[in-house]
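K.L.:
no sequence on this one, just coordinates:
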């Protein structure tokens, strides 16, 4: 019988993993236990702190539901989401960079045609978005599925508004034969991640703010190409240098151009100022993996 103490416990737990036939699981769990135990020894974790940590995780689980994922928020603010995204999405130069998924994606978003208004009643200044989807060699990609989602001008996503009975600020459309896409929405604004739960409490205790810079979320999928999950960030906005979830990339920053009342890109006569955003996406050929 091994004598278990603060130094022998790590090898004892790792030895207990030896019966698994899942080599990858053993690799991950062995490393997790080693780093977790080293962490506890390094900071001399107290029983009270351990109990507080268990309570934190319990509260994160309790507040999580089909509309809110507190553990994704925790992963985001600790930089783990960005780390995993970066190491799993290494692509050739010229491809659009990936960034964090975020907690507000909805898989059954409504379908729209090119040029439609995906805001669907969301409040905000009108904005017309367009661009192209191409491959790394410049070829236009037709019929790429483009999922897009964003907050309204109060910083809320539709799933955060229980009174809503329909989607707002989200949907999916397909690129045209020449790779182009167009839709109408509202201007992106900065917003805070949900901070009324344990993750928000952690940020406050760390002296950190919960704000994200203005952005649109995109997920683009096409046969033969790697799926792209990314944001497009609004240039010259607040929090670009201090995004609470570390998602900003300089290549993903673009200008939202303000236009005086007049004819919009889709031919609509606008009697109020409106914004336009042009952004081209470049997907990596899946054979380049």
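P.N.:
On my side now, so go ahead. Keep in mind it's a predicted model, so treat the numbers as computed, not measured.

K.L.:
who's in contact with stretch 76-86?
P.N.:
With contacts defined as CB atoms under 8 Å, 6 or more residues apart in numbering, stretch 76-86 is touched by 72, 75, 98-103, 193, 199, 202-203, 208, 229, 244-247. (Each C-beta comes from the backbone N, C-alpha and C, glycine too.)

K.L.:
can you pull out the strands in the stretch 101-250 of the chain?
P.N.:
Assigned by DSSP state E, counting those that start in this stretch, the stretch 101-250 of the chain shows strands spanning 126-135, 145-149, 170-174, 180-186, 191-192, 211-212, 215-221, 228-234.

K.L.:
so what's the nearest residue to residue 152 once chain neighbours are set aside up against?
P.N.:
Nearest residue to residue 152 in three dimensions, chain neighbours excluded: residue 122, at 4.1 Å (CB to CB, 6 or more residues apart in numbering). For residue 122, the contact set (CB under 8 Å, 6+ apart) comprises 152, 153, 158, 168, 169, 185, 186.

K.L.:
if we can go back for a sec, of the strands of the stretch 101-250 of the chain, give the one that comes closest to residue 274.
P.N.:
Residue 274 sits nearest to strand 126-135 of all the strands of the stretch 101-250 of the chain, at 4.4 Å, using CB to CB.

K.L.:
Okay, angle between the closest one and strand 180-186 too, please.
P.N.:
In terms of direction (axes from the mean of the first three to the mean of the last three CA atoms, to 10 degrees), strand 126-135 departs from strand 180-186 by 150 degrees.

K.L.:
Now do strand 126-135 and strand 145-149, the angle between them.
P.N.:
Using the same axes, to 10 degrees: strand 126-135 against strand 145-149 is 140 degrees.

K.L.:
if we can go back for a sec, any chance of the strands of the stretch 101-250 of the chain in CSV, with mean neighbour count, mean pLDDT and distance to residue 54 too?
P.N.:
Converted to CSV, the strands of the stretch 101-250 of the chain look like this (neighbours: other CB atoms under 10 Å; pLDDT from 0 to 100; distance: least, CB to CB, whole Å):
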stretch, mean neighbour count, mean pLDDT, distance to residue 54
strand 126-135, 21, 98, 45
strand 145-149, 20, 98, 34
strand 170-174, 21, 97, 35
strand 180-186, 21, 97, 42
strand 191-192, 18, 94, 27
strand 211-212, 22, 96, 29
strand 215-221, 22, 97, 33
strand 228-234, 24, 97, 32
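
K.L.:
mind showing which ranges of the stretch 151-289 of the chain have poor pLDDT?
P.N.:
Applying pLDDT under 70 to the stretch 151-289 of the chain flags the ranges 288-289.

K.L.:
coming back round to it: between the contacts of residue 122, which is closest to residue 217?
P.N.:
Each of the contacts of residue 122 was checked against residue 217 using CB to CB; the closest is residue 169, at 9.7 Å.
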